[in-house]
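Student: Mind looking at a prediction? Sequence and model below.
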Amino acid sequence: MALMNLITAINHTLDLALAQDERVVVFGEDVGVEGGVFRATVGLQKKYGEERVFDTPLAESAIVGTAVGMALNGLRPVAEIQFSGFVYPAFNQIISHVARMRNRTRGQRYLPMVIRMPHGGGIKALEHHSESLDTFFGHIPGLKVVVPSTPYDAKGLLLSAIRDDDPVIFLEPSKLYRAFRQEVPEEDYTIPIGKAKVVKPGSDLTVVSWGAYLHEALKAAELLQAEGIDAEVIDLRTISPLDRETILESVKKTGRFAVVHEAAKSFGPGAELVALVNEGAFLYLEAPPLRLAGFDITIPLPRGEHHYFMDAQRMAAGLRQVANF
Amino acid sequence: MALMNLITAINHTLDLALAQDERVVVFGEDVGVEGGVFRATVGLQKKYGEERVFDTPLAESAIVGTAVGMALNGLRPVAEIQFSGFVYPAFNQIISHVARMRNRTRGQRYLPMVIRMPHGGGIKALEHHSESLDTFFGHIPGLKVVVPSTPYDAKGLLLSAIRDDDPVIFLEPSKLYRAFRQEVPEEDYTIPIGKAKVVKPGSDLTVVSWGAYLHEALKAAELLQAEGIDAEVIDLRTISPLDRETILESVKKTGRFAVVHEAAKSFGPGAELVALVNEGAFLYLEAPPLRLAGFDITIPLPRGEHHYFMDAQRMAAGLRQVANF
Amino acid sequence: MLIQEYTAQLIRDYDALSGRMLQILDENGVVKEPELMPALSDAEWLELYKTMVLTRAADDKALQLQRQGRMLTYAPNTGQEAAQVGPAAAMAKNDWLVPAFRELGAWLYRGVPLKTVYLYWYGNEYGSHFPEGVRVLPIAVPIGTQLHHAVGVAMASKIKGENDVTVAYIGDGGTSTGDFNEALNFAGVFNAPVVFIVQNNQYAISVPRTKQTIAKTIAQKAVAAGIPGMVVDGNDLFAMYAAVKEAIERARSGGGPTLIEAYTYRLGAHTTSDDPTKYREDSEVEAWKPRDPLGRMKAYLISKGLWSEEQDLALYEEYGAYALEVFRQVEAEGEPRVEDLFKYTYKEMPAHVREQYEEYLQYLEGKVD
Amino acid sequence: MLIQEYTAQLIRDYDALSGRMLQILDENGVVKEPELMPALSDAEWLELYKTMVLTRAADDKALQLQRQGRMLTYAPNTGQEAAQVGPAAAMAKNDWLVPAFRELGAWLYRGVPLKTVYLYWYGNEYGSHFPEGVRVLPIAVPIGTQLHHAVGVAMASKIKGENDVTVAYIGDGGTSTGDFNEALNFAGVFNAPVVFIVQNNQYAISVPRTKQTIAKTIAQKAVAAGIPGMVVDGNDLFAMYAAVKEAIERARSGGGPTLIEAYTYRLGAHTTSDDPTKYREDSEVEAWKPRDPLGRMKAYLISKGLWSEEQDLALYEEYGAYALEVFRQVEAEGEPRVEDLFKYTYKEMPAHVREQYEEYLQYLEGKVD
Ligand SMILES: Cc1ncc(C[n+]2csc(CCOP(=O)(O)OP(=O)(O)O)c2C)c(N)n1
Ligand SMILES: Cc1ncc(C[n+]2csc(CCOP(=O)(O)OP(=O)(O)O)c2C)c(N)n1
Ligand SMILES: [Mg+2]
Ligand SMILES: [Mg+2]
């Protein structure tokens, strides 16, 4: 066991995957010599050579598209996009090919590949460095979409992603990269994709969140606890496919539901969760399900971002309404 | 008045806009000499010259990006994307610039531009020619997103879009291009963006749809009517910003809600509508809101597409459940 | 081999800005540059020619069937057969072919069954499921995107220490995409063993080559990526074979990527949905007809006493009948199973997809009752 | 004007594949090619030099403030001032400037107030709101995207019959993007009056130019689009001015687009978040220092008796103090108003945005209570 933060956990996991499976290759902008602008790949090129860990020219469509080609020819590429706000040039590849190759060829060709990227904001970064793309990726059939919220989970989920025979979008909450450390076992373990986790059991209200917001949601639940409101907090972990069972079971128990996320509200990921709760637990609902979501505006530049990103207090204010409805 | 189908109505409207306002320019792949693969721009280059109506090289990012530049320098560009499945290369421009220029410059610079594209399927076309992008565009703050369902509406909405000082994504249901004709006045009129329309009043159940599915939904409502179920059918017309008032008013009256759309279900546009109904009319609901949506699979090639696209009968089967809940 | 040395030099010394076009067999079927003739036997050339005839016959049959309403959209290859069969024949057994969408001759030569191709245009996903061992990727409809796959496949070969080469296709219109620049540049930087072939058939739907770019040649676009580019007569089977063979061996021996512009002409429509009379003069088409790649190969073979007009006609008829027979099978078996629509979204069907599938099955059953 | 005729010829006759670099002022401040000297007065050159000094001083101050935790991320320009100020000065009053994100010298010369620039890096959207009449677009963070805007702006000028030219910037890393290819090709096809300037500062964050592309020069990438390209010493104010001036007049008179590679070096870090010692040798940086664009202009001006070391130091100090004063204003006024976050998503606030805004205001009020 070693104490790791999210970024060191990812570095350690990539190291493990490269060591275990020679089909694994890791690349992206500044990934090789520099070891990534967030240092996720630091030391890996030295260890595994320039053929397996390398810098690419500045071209996201090519980064993802060559990963497709490599996956088709027997490798298991792990591509890094420097920030989620720079993945848009690769959307054509992701939607048209990454998500479709298996179905297009009726199972003959498939893409064991991972696209990693820092995700979400709250780190006082430049424009486009704070974007949450849960809905975009979640809406594309054929992709799996994962968001870890702890170093421990990051390792287990990333190993699952790399071993998955389907393409996985791996969204790393940049705010958590260095937020805290946790004991992470050195040995191999995986966490299944598609399973949410009840992080704090409770009986009065179900709160679903993920990524950086999960931690604020937990703090909000603590605030509520002090007031006698016992919230159950679920870490979604996987955006797609959704773990309906865990969520519905919880809502059936609590009768109240809220989802808390960074992305803009309209047509955002919260809508899907509300719809899912409607479909699976409507008759159990004692209050209208609530979305505590980003405003429908562009994420502000650093001086204004504290207005956009929710803290535990603002979350608590919203959750209180659901509990007291 | 003249009888027009959707494509001739669009051609007529572009003609009108080009005649009225010399800042309007129309371009895209095969838009000039050929007049568009669907013939939306036929005859316009001859009439307005190669500087105002023109073919571009094969590059969607450039098509949208140059439209941004033109809009910044005083024109009102109307760009065509040949099929919605080919707009992905332009996503970076649309998300990073089209949607953000006004906010980025705190109102100093803005983009009066329209991006038109055929949308949705059911026309036995090749892969990527049948895609519904409602959610993608709806989720991006700063865009307006419009889907007409009749030639009459297409004209009024397109004129509004061209005159709007904000960028409008104009989604044209390709299945309707030649589906039917309607009387369309020759003179100028507009239909406001952001307003839904009650197409068939009813008291038992609210059905929201748009584009090609609207017509199937109307047929489904007829089937139900014969069984004594009186559905109210709303044509959403605008995906963003949503007309919450019209929808909520209807749901408050009927107590039952269903949304019917082509796009894949998960994280699809229907989720937003269900969430919106939850937020605004939860206590009025007598049945769980229903999403009748596309399967979470890639839209099949022509031989299988009839399984994907819903007909009135299948819609009616779903709606019946809501009505009889 | 002397010949290959010569062509090796040809590519290396080729001045991309010269605009010079490599031609070996002229329009009358006369070998103009005997020193450049690739060292295939008469029997081998005849084989390639037969694949060109099969391509033409299968095309013609597909168009006929489409007019009868039995085939859906179809993208014909007429006039471009040499630019397809030549490169395919220059490849080694394990080399990869990455198509755009208009390379019927290449697919057939590389082992994609005509039935599979017809199934694709018939509108069934099994049209992209190829026999085991056929190293051909499915058609890529979004223009330009396939070049990245080609570079990735080639990089993987290199990383794995295998010496397979990848041959990728794109059209003249496709060279305007961003992906074209990115892919060529990547290939250069990673010294990927890949050969890019642009079928410059002078049109992207209605947009003529001259309005697609003001570059004098498409080949000179290689200069941006720092890799060699070359214009080749795309209607000349010998030239296409020679140039691509050389580029492949160059790549295989670590020499890196090459861009080959196959200068050709789309004699037919863009697809069956297209009416070319709207955007080009008949006279232009007529002017290109004498340069037809089949005509000049036939003339060559006849002049060498290897072939006759009668044999030619008979072969075309035979292939036409064969194509029709193949298509009948497609018609008989071409409807997709409902299960297949759902089964391949992921390796395992996730719960929500399974539920949608089962609900739909129930609906279908109910409908039958 | 004789000089301009000469440079006109220079661009027209330039062989993009030669790799030759245009230099007028050498590293010691000596004019090597007097016939190419643009016809500006001493006073005018001094003015340009002062803008370079202001750029340097403002940069240094920003870095200092950033280290104090008062400024956020900042992208320094040190070493690239000539490649920024020269082109900006070569533009006519109504010409458009389309930045990437590292062109401080150009922005200042074109009338963007330093305060606005600081406000941007301070993290406030008003940093992209420029004074009326300043024809400069906001910084484009997604690499490559701005080139399309430049082409569109230029096309609009042409369509409207106005003869303004657009000057667009991008970095060496940016030339690998798909957008670079698309934009140059569009500009060629539409004969858009636009000049593309690549600040080739040898790095894209940690990736050196040699690993970005194997093209010998960046200028040769123009060949793909069929437009002229040229390598210019980016640390030579005279050469940058001369080449861009010529390219602009070429564009203005209907001659179409040009690509100028400004061969320069990023002496500082990529941004304040970056540590260049991780990926490059100090010795490399040291080797470039004598080629600094300010040093050689200073030497030139002193040699002409127009300037002195003392004046230089004083000016730098003065500008530093000015920059600090400007930054203090930014600190005082730089917090955004809540209203502004919501107000500019659309021309009119739609109901749902207004509701979110009002709910949030209520929440803020409640918090205060
Ligand atoms: C990204 C993208 N944009 C638009 C289209 C629609 N489209 C299909 S083929 C074609 C023209 C292609 O021209 P070219 O590359 O020259 O190939 P050719 O058809 O001549 O073989 C276009 C515009 C597409 N398939 N993909
Ligand atoms: C599309 C995109 N991908 C990645 C980034 C992250 N990024 C910011 S600057 C940069 C390097 C740019 O290099 P270059 O074009 O040479 O400009 P320079 O920084 O040297 O001025 C990268 C990769 C980005 N801004 N946009
Ligand atoms: Mg073509
Ligand atoms: Mg650089």
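Tutor: Yes, it's here. Numbering: from 1, shown residues only, chains lettered A, B, ... in the order given. Ligands and ions are numbered 1, 2, ... in the order given.

Student: wait, what's in contact with the residue nearest to residue C:127 when sequence neighbours are not counted?
Tutor: In this structure, residue C:127 finds its nearest non-sequential neighbour in residue C:120, 2.6 Å apart by CB to CB, 6 or more residues apart in numbering or on different chains. Just so you know, the C-beta spots here come from the backbone N, C-alpha and C atoms, and that holds for glycine as well. Taking CB atoms under 8 Å, 6 or more residues apart in numbering or on different chains as the contact definition, residue C:120 lies against C:127, C:128, C:139.

Student: ok, the first one to ligand 4 distance?
Tutor: In this view, residue C:127 and ligand 4 are 45 Å apart by CB to the ion, to the nearest Å.

Student: Would you state the strands of the chain in chain order?
Tutor: I'll assume chain A. In chain order, chain A shows strands spanning A:2-4, A:24-28, A:53-55, A:76-80, A:114-119, A:144-146, A:168-173, A:182-184, A:197-200, A:205-209, A:231-235, A:238-240, A:257-264, A:290-294, with DSSP state E as the criterion.

Student: meant chain C, my bad for not saying
Tutor: With DSSP E applied, chain C shows strands at C:21-22, C:96-98, C:166-171, C:194-200, C:203-204, C:207-208, C:229-233, C:258-263, listed in chain order.

Student: Pull out the buried positions in stretch A:313-320.
Tutor: Buried positions in stretch A:313-320, judged by neighbour count with 16 or more other CB atoms under 10 Å in any protein chain shown: A:314, A:315, A:316, A:317, A:318, A:319, A:320.

Student: Tell me if it is near chain D.
Tutor: Yes. Remark: stretch A:313-320 sits within contact range of chain D at A:313, A:314, A:317, by CB under 8 Å from any CB of the partner chain.

Student: Of those, which belong to helices?
Tutor: With helices identified by DSSP state H, the entries of the residues of stretch A:313-320 next to chain D that belong to them are A:313, A:314, A:317.

Student: Return the residues in contact with the residue of chain A found nearest ligand 4.
Tutor: Scanning chain A for the residue nearest ligand 4 gives residue A:58, at 9.1 Å (criterion: CB to the ion). By CB under 8 Å, 6+ apart, the contact list for residue A:58 reads A:29, D:143, D:144, D:173, D:174, D:176, D:177, D:204, D:207, D:212.

Student: 6 Å instead?
Tutor: By CB atoms under 6 Å, 6 or more residues apart in numbering or on different chains, the contact list for residue A:58 reads A:29, D:143, D:173, D:176, D:204.

Student: Could you double-check that the second one lies in contact with residue D:174?
Tutor: Right, the one you point to is residue D:143. Yes. With contacts defined as CB atoms under 6 Å, residue D:143 counts as touching residue D:174 at a distance of 4.7 Å.

Student: Tell me how the chain divides into domains.
Tutor: No chain specified, so I'll use chain A. When chain A is parsed into structural domains using automatic domain parsing, the resulting residue ranges are A:2-184, A:197-323.

Student: that answer is for a different chain, and I need it for chain C
Tutor: Residue ranges for the structural domains of chain C, counted by automatic domain parsing, are given in the record as C:3-335, C:337-369.

Student: Give me the pLDDT value at the closest residue to ligand 3 within the stretch 1-150 of chain C.
Tutor: Across the stretch 1-150 of chain C, the shortest distance to ligand 3 (CB to the ion) belongs to residue C:102, at 7.9 Å. Looking at residue C:102, its pLDDT stands at 98.

Student: do you know how far it is from ligand 4?
Tutor: In this structure, residue C:102 lies at 38 Å from ligand 4, with CB to the ion as the measure.

Student: Skipping its backbone neighbours, what lies nearest the residue of chain C found nearest chain D in space?
Tutor: Among all residues of chain C, residue C:178 sits closest to chain D, at 1.8 Å; criterion: CB to the nearest CB. Counting by CB to CB, 6+ apart, residue C:178 lies nearest to residue D:178, which is 1.8 Å off, once chain neighbours are set aside.

Student: okay, now whatever residue of the stretch 1-150 of chain A ends up closest to ligand 1: neighbour count?
Tutor: Here the stretch 1-150 of chain A gets closest to ligand 1 at one residue, residue A:92, 7.2 Å apart by CB to the nearest ligand atom. Residue A:92 has 33 neighbouring residues, counting by other CB atoms under 10 Å in any protein chain shown.

Student: And for residue A:217?
Tutor: Other residues near residue A:217 number 31, with proximity taken as other CB under 10 Å.

Student: For it, give me its contacts.
Tutor: Residue A:217 sits next to A:207, A:209, A:233, A:260, A:315 when contact means CB under 6 Å, 6+ apart.

Student: Spatially nearest residue to residue C:169, not counting backbone neighbours?
Tutor: With CB to CB, 6+ apart as the criterion, residue C:169 has its nearest non-adjacent residue at 4.5 Å, and that residue is residue C:100.

Student: these two touch, right, the residue nearest to residue C:178 and residue C:182?
Tutor: Yes. Contact criterion CB under 6 Å: residue D:178 and residue C:182 qualify, at 4.9 Å.

Student: Give me the common contacts of these two.
Tutor: In contact with both residue D:178 and residue C:182: residue A:61, using CB under 6 Å, 6+ apart.

Student: Distance of the residue of the stretch 1-150 of chain A closest to ligand 1 relative to residue B:145?
Tutor: Distance check for residue A:92 against residue B:145: by CB to CB, to the nearest Å, it reads 20 Å.

Student: give the contact list for residue A:280.
Tutor: Here residue A:280 is in contact with residue A:248 (criterion: CB under 6 Å, 6+ apart).

Student: how about the CA coordinates for stretch A:111-129, as PDB?
Tutor: Extracted in PDB, the C-alpha atoms of stretch A:111-129 (Å, rounded to 0.1, in the frame of the first residue of the first chain):
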ATOM      1  CA  LEU A 111     -11.800  -1.400 -30.200                       C
ATOM      2  CA  PRO A 112     -10.100  -2.100 -26.900                       C
ATOM      3  CA  MET A 113      -9.000   1.400 -26.300                       C
ATOM      4  CA  VAL A 114      -9.200   4.100 -23.600                       C
ATOM      5  CA  ILE A 115      -9.400   7.800 -24.000                       C
ATOM      6  CA  ARG A 116      -8.400   9.600 -20.800                       C
ATOM      7  CA  MET A 117      -8.900  13.200 -20.200                       C
ATOM      8  CA  PRO A 118      -9.000  15.700 -17.300                       C
ATOM      9  CA  HIS A 119     -12.600  16.700 -16.800                       C
ATOM     10  CA  GLY A 120     -14.500  19.400 -15.000                       C
ATOM     11  CA  GLY A 121     -13.400  22.500 -13.400                       C
ATOM     12  CA  GLY A 122     -12.900  24.500 -10.200                       C
ATOM     13  CA  ILE A 123      -9.200  24.800 -10.700                       C
ATOM     14  CA  LYS A 124      -9.100  28.400 -11.900                       C
ATOM     15  CA  ALA A 125      -8.000  27.400 -15.300                       C
ATOM     16  CA  LEU A 126      -8.300  29.100 -18.700                       C
ATOM     17  CA  GLU A 127     -11.300  28.900 -21.000                       C
ATOM     18  CA  HIS A 128     -12.100  25.400 -22.200                       C
ATOM     19  CA  HIS A 129     -10.100  23.800 -19.400                       C
END
